[in-house]
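**Q** structural data only, the sequence is not supplied:
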C-alpha cells in the first residue's frame, strides 16, 4: 500500500511536468521550550530532526495538485473534507483567475486538503511544535523569541486588516532558510486539534476544572509571546473541514538524523 | 470476475476509489478511508460500519480516570436507548493510543470491563488515521509525555450512513436529548 501510494505520487509529479520539486530545509530539532509545555509541569518538548518546506504552498502548486488529483477540485470534494468556501477565490475548479496569483500562498484550504497535498509530495503537515520551532528563528538566531524587536515586528503583521490582499511568497529567509512563517498567512498543523484540549480527562465532577484543566490551557508558558499564542488560539478554534482566506499551509518530512532531506 | 474484483480491491487500497464513498452523503464520516483492527484482531474499514446507527467514542485503555466513565456512560446510554423494545445499537470505541493499544491490549480491557461482545467493538488504527477520525468527529486529544492523553470525552450518535446526528459530553448520567435522538433513529425503518 505504501509502495502503491509512492508510485502514484511520483506519477503525479511527472504529470505535473513544469512544477519544480518543492524545496525543504533541514532543521535539527532538539529540546525546545514551546509555549505549550509538554505536560502540566512545564516540561520542554523534544523535537526530532525534520525537514520543512522553505515556503508555504502556492496557488500554482495547489493548482497542479488538483489537476492531477481531481477528487480535490472545488465541487468534487465532500463537505466532510472541505466546507463550501474551499478555494472559493479561484476563478474555477482548475483556473486561478485574477483573485488568486500563482505565487501567492494558497488559502481557503481545509486540513484534509492540506494533508492530501502534503502526501502527494511524500510529506505531511508539520506538528505544532515543529512549526513553532522553525518560527522561533529570525534571520540570524535559531531562537529570537526573547527579542522585543522580533515580537513587535510579528505583532505588527497581526494588526493588519485581514481583508488586505495576501502578499506573495518569498519573504526574508530565517536562520534555517525557511521563509514566510510570519507575516504572510496562518498555517495548518497536523495536530491543530490537539493544542488546547478543553476538557481534562480526570476531573469529571468539578465543572471549572473540567473546562480549563487541559494540559495546555492553564499552563501556557511565555505569556508575553502573544503572536505565537494567537496562532494556538486560532488553530484550536478550527474544525478540519474549515477554510479561511488567511489560512494556508506548508509541509514537513521526517529526516533520519543527520541525513540530507 | 475474480480479476475485476481483485482490481477493485487494489484500487480501493490505493486510495483511488474510496469504498462506496460515492453512495454516502457528503457529511458521512464513512468517507474517511480508515483501516481498523478490532479486539479480536479482525481487520475492517470504517465504512464497513455503514448500515446501522452507531454509538461512537474515542478512548485509550491505560486511562485510569475518564475512560472507564465513558465506557459506563456508553453502557447506560445503550441500555436507555434499547429500553422499550429497540434493539441495542452497536458501539464503536476507537483508541487514541495507536502505539500501545494493540488488539491484545484492547481485548484485555474488553474482558476487564465486561463488555458485551455482541454489540461492542474496540478498535485500533494507525496514528495518522486516529488523527483524521478525531478531526472528522471534532474530538480533540493530545498525548502527554507520561503516556496519558488529554482528550474530549464525548458520545457520538451516527446514523446508518455515518452522519453525526447527536453528541453528548455528559458523563454522569444519561443525556435525555441524546437518547431521544437515538431512539428516533433506531425506530426509523
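**A** Cool, got the structure. Quick caveat: nothing in here was measured; it's all calculated off a predicted structure.
**Q** start to end distance for stretch A:79-88?
**A** One end of stretch A:79-88 sits 14 Å from the other (CA to CA, to the nearest Å).
**Q** now do the end-to-end distance for stretch B:107-126.
**A** Start-to-end, stretch B:107-126 (CA to CA) is 17 Å.
**Q** now do that stretch, average pLDDT.
**A** Per-region confidence: stretch B:107-126 scores 95 on mean pLDDT.
**Q** how about it, does it reach chain A?
**A** No - in terms of CB under 8 Å from any CB of the partner chain, no part of stretch B:107-126 sits within range of chain A; the closest distance is 11.1 Å. C-betas here are computed from N, CA, C, even on glycine.
**Q** ok now that stretch, how far from the chain's centre?
**A** Between the centre of stretch B:107-126 and the centre of its chain there are 11 Å (CA atoms, centre = their mean, to the nearest Å).
**Q** ok, residues contacting that stretch?
**A** By CB atoms under 8 Å, 6 or more residues apart in numbering or on different chains, the surrounding residues in contact with stretch B:107-126 are B:34-40, B:44, B:61, B:68, B:71, B:78, B:88-95, B:98, B:101-103, B:106, B:133.
**Q** same check, this time on stretch B:82-89
**A** Residues contacting stretch B:82-89 (CB under 8 Å, 6+ apart): B:52-55, B:78-79, B:81, B:116, B:118-119, B:182-183, B:186-187.
**Q** let's see it at 6 Å
**A** The set of residues external to stretch B:82-89 that reach it, using CB atoms under 6 Å, 6 or more residues apart in numbering or on different chains, is B:53, B:55, B:78, B:81, B:119, B:186.
**Q** tell me the buried residues in it?
**A** By neighbour count on 16 or more other CB atoms under 10 Å in any protein chain shown, the buried set for stretch B:82-89 is B:82, B:89.
**Q** quick one on the thing from earlier: neighbour count added to the contacts of stretch B:82-89, as a markdown table?
**A** Output for those, formatted as a markdown table (neighbours: other CB atoms under 10 Å in any protein chain shown):
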| residue | neighbour count |
| --- | --- |
| B:53 | 21 |
| B:55 | 23 |
| B:78 | 22 |
| B:81 | 24 |
| B:119 | 16 |
| B:186 | 18 |
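**Q** of those residues, closest to residue B:174?
**A** Closest approach between the contacts of stretch B:82-89 and residue B:174, by CB to CB: residue B:81, at 9.1 Å.
**Q** got the contact list for the closest one?
**A** B:89, B:179, B:182-183.
**Q** what do you get if the cut-off is 10 Å, keeping everything else the same?
**A** Going by CB atoms under 10 Å, 6 or more residues apart in numbering or on different chains, residue B:81 touches B:53, B:55, B:87-89, B:157, B:174, B:178-183, B:185-186.
**Q** ok, for it, nearest residue in space, not its chain neighbours?
**A** residue B:182 (4.5 Å; CB to CB, 6 or more residues apart in numbering or on different chains).
**Q** next one: residue A:167
**A** Looking at residue A:167 with CB to CB, 6+ apart, the closest residue is residue A:184, at 5.9 Å.
**Q** next one: residue B:104
**A** residue B:41 (7.7 Å).
**Q** do the same with residue B:186
**A** residue B:86 (4.3 Å).
**Q** pLDDT score for that neighbour?
**A** pLDDT, residue B:86: 81.
**Q** give me the element it is part of.
**A** Using DSSP states H and E, residue B:86 maps to neither a helix nor a strand.
**Q** and it, how far from residue B:178?
**A** 14 Å (CB to CB, to the nearest Å).
**Q** so where's the chain uncertain?
**A** All of this is about chain A. Within chain A, the segments meeting pLDDT under 70 span A:1-20, A:40, A:162-163, A:197-224, A:256-261.
**Q** you answered for a different chain; I wanted chain B.
**A** In chain B (pLDDT under 70), the answer is B:1-22, B:189.
**Q** returning to what we had before: which residues touch the residue nearest to residue B:81?
**A** So residue B:182 contacts B:53-55, B:77-78, B:80-82, B:86, B:89, B:155, B:157, B:159, B:165-166, B:168, B:175 (CB under 10 Å, 6+ apart).
**Q** sitting in strands, which of the residues you listed do you find?
**A** B:54-55, B:155, B:157, B:165-166, B:168 (DSSP state E).
**Q** list only buried entries from these.
**A** B:54-55, B:155, B:157, B:166, B:168.
**Q** among these, which two are most distant?
**A** Most distant of those, by CB to CB, are B:54 and B:168, 14.2 Å apart.
**Q** all helices of chain A, in order?
**A** For chain A, the helices defined by DSSP state H occupy A:2-16, A:59-68, A:111-120, A:128-135, A:148-158, A:207-212, A:226-236.
**Q** residue A:35 is nearest to which of those helices?
**A** helix A:226-236 (5.2 Å).
**Q** report the inter-axis angle for the closest one versus helix A:111-120.
**A** 100 degrees (axes from the mean of the first three to the mean of the last three CA atoms, to 10 degrees).
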